[in-house]
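> Sequence first, predicted model second:
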Amino acid sequence: MFDLLSGKLTGLGSLFGEKKKLDDESVQAACQVLRRALLEADVSYRVARQFVKRVRERAISSETLDGFDAEDQFMGLMHQELSNLLGDAQTVLNAVNEESTFTPEKPAIILFCGLQGSGKTTTSSKLALWLSKQDESIKPFLIAADTVRPAAMEQLAILADRVGVPHYKDLSATKMDTAVKAGIVEAKAKGATHIIVDTAGRLQADTETMAELFLLKQTYKPVDTLLVVDAMIGQEAVNVVEAFNTQIELTGCVLSKMDGDAKGGAMLSVREATGLPIQFIGTGETPDDLEPFHPDRMAQRLMGMGDLATLFEKAMSQQQESSMASISAKLMQGQLNFQDYVGLQESISKLGGIGSILSMLPMMKLDSDTKSKMGQSQVERLRQWRALLCSMKLAEKQNPELVLNSESRQRRLFQGAGITTEAGAGMLSEFGGMYQMARGMKGMMSFFNGDTTDDEPETPIAPEHDIFKMLGMDSEETDSNELETSENPDDPMGWGSFFEAMGMDMNDLAEDETTPASPPKKQKKAPSAFPW
């Protein structure tokens, strides 16, 4: 997400070198790079100029803080200004305001509008699913009121069925008002508390469309009027928002297609230029790919600080607590089996894939190509695991030693799953490593609990699946208390072993050799906490 802009913002600190105090010369040089980065990201010229001016003035007038060098101070100031630029704090929908109560007799109406092709229909279904997850008392309902675009109503019906939300459509309707009026009657009859209206759009904000939208707003008085904006149109988003806001008074915006080639111009320009809050962002094509917009978290992502809060929220929404507790208990008891392992892989896939997860971790800068390669590799390996699991007998799924210690079983399973012996051996090595670690965790738990005896003799793991051999070490000569960090100068943190466990080759993800190397930079802690 905004790889080019994020990379340049993250590298601004290197311009200060080893300086302990902010000086005019360094601040001016950093602000010039900052202005150029914003303009290249298609941020409105007026917004970019005002933003850089505020950063420069605060940097020059700020007092030197003990314990923070020039780089930390400048990056801290820029993080705060980025958060302010994006909206200070999260703005929640009026439809989910704690002070308001909506019932089938008096439901909340949410009106979606926007240009044709901006993603209104898809976003409407995503919001319906998001609302249904917020509270059991919320009963969303979708109304197909796009009477212009061919098959728009059929599309909404399909998406509504996919997310399990009731809907209304009338293929004979020629006016939006007709469809909305009948849809509200049916929604109330079905006990809906929140009604989402998907309206028609044009290639531009023409007078006829605005008149119909104005009539809908005056007649049905929606609590939220949201404009869906394609994030890839850059600073043109400002003109689109202003055109709609002038005619029908919007309450907020939703930025769609944030997972595409968006440079960041729309996101950084809309709030500053129009004053309207960004309330959601669309991050993918699946129904779950809709995130509430948090200005401070987005500022952290742009500056390479990660977004662990959003990652945690996504994990909790995708995984049942009982299931997580069950898997955690099995890991602690050393009882990981093939079904559990594939379940973990599927959980990672639901979170957006390993590339999406790493992009939310602090200082993990991944470009779009790298994340795409990682995602494709993960999808293919998950497909192979599912096929391998289908070829197993129940006893084999639940007792991994039967497969890990039997070459004849392995040949049968590889043939049944339609995978090569080489690929299958690699998959079993991946599992063997995690299985061995789970068994090690069981031993540690027994030690700390004062239990140094085993009721059951452990079945030895085949030598070719020993975790030490996976990592290129001899288990007989390696003391687990004296393990050292990776000796590979290109992989000092040992990420290669992590990628190998996920079924990926780190060498395939290396950057193009023609890419210019980043300027050398002193090693220091990630800018995760600032005095502001």
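All right, it came through fine. Numbers count the residues shown, from 1 in each chain.
> Could you tell me how many residues sit around Arg35?
19 (other CB atoms under 10 Å). Yep, even glycine has a C-beta here, placed from its N, CA and C like the rest.
> Now do the same contact list for the nearest residue to it once chain neighbours are set aside.
Leaving aside its sequence neighbours, Arg35 sits nearest to Val52 (CB to CB, 6 or more residues apart in numbering; 4.7 Å). By CB atoms under 8 Å, 6 or more residues apart in numbering, the contact set of Val52 is 31, 34-35, 38.
> Buried ones from the residues you listed, can you make that a ChimeraX selection?
Command for ChimeraX that selects the buried part of these, burial taken from 16 or more other CB atoms under 10 Å:
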select :31,34,35,38
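> From Asp24, how far out is the residue nearest to Arg35?
Remark: distance between Val52 and Asp24 (CB to CB, to the nearest Å) = 15 Å.
> What pLDDT is listed against the residue nearest to Arg35?
Note for Val52: predicted pLDDT of 90.
> Look up how far Cys31 lies from it.
Here Val52 is placed at a distance of 5 Å from Cys31 (CB to CB).
> Just to check, Val254 is in contact with Leu226?
Yes. When contacts are counted by CB atoms under 8 Å, Val254 is listed as touching Leu226 (5.5 Å).
> who touches both of these two?
Taking CB under 8 Å, 6+ apart as the criterion, Val254 and Leu226 both touch Gln279.
> what's the weakest-modelled helix or strand in the protein?
Sorting the helices and strands of the chain by mean pLDDT, DSSP states H and E puts helix 467-470 at the bottom, at a mean of 40.
> show me where the stretch 51-200 of the chain has helices.
Ranges of helices within the stretch 51-200 of the chain are 70-86, 120-134, 152-163, 176-189, based on DSSP state H, counting those that start in this stretch.
> Out of those, which is closest to Ala425?
helix 152-163 (38.3 Å; CB to CB).
> host element of Ala29?
For Ala29, the host element (DSSP states H and E) is helix 24-40.
> Which of the helices of the stretch 51-200 of the chain has the lowest mean pLDDT?
Mean pLDDT is lowest for helix 70-86 among these, at a mean of 82.
> Would you indicate which residues of stretch 177-186 are buried?
For stretch 177-186, a neighbour-count test (16+ other CB under 10 Å) marks 179-184, 186 as buried.
> Need the residues that contact that stretch.
Contacts of stretch 177-186 (CB under 8 Å, 6+ apart): 107, 109, 141, 143-145, 147, 168-170, 173, 195, 197, 212, 215-216, 219-220.
> you'd agree Ile281 is in a helix?
No. Using DSSP: H, G, I helix; E, B strand; the rest coil, the assignment for Ile281 is strand, not a helix.
> Run a quick neighbour tally on it.
Residues lying near Ile281 (other CB under 10 Å) number 23.
> can you pull out the strands in the stretch 101-250 of the chain?
If DSSP state E, counting those that start in this stretch is used as the criterion, the strands of the stretch 101-250 of the chain fall at 108-113, 140-145, 167-168, 194-199, 224-230.
> before we move on, the earlier item: just checking, what packs against the helix holding Ala29?
Where contact means 3 or more CB pairs under 8 Å, 6 or more residues apart in numbering; DSSP states H and E, helix 24-40 is packed against helix 3-10, helix 45-61, helix 70-86.
> quick one, the second one and helix 70-86 angle?
Per axes from the mean of the first three to the mean of the last three CA atoms, to 10 degrees, the angle that helix 45-61 makes with helix 70-86 is 140 degrees.
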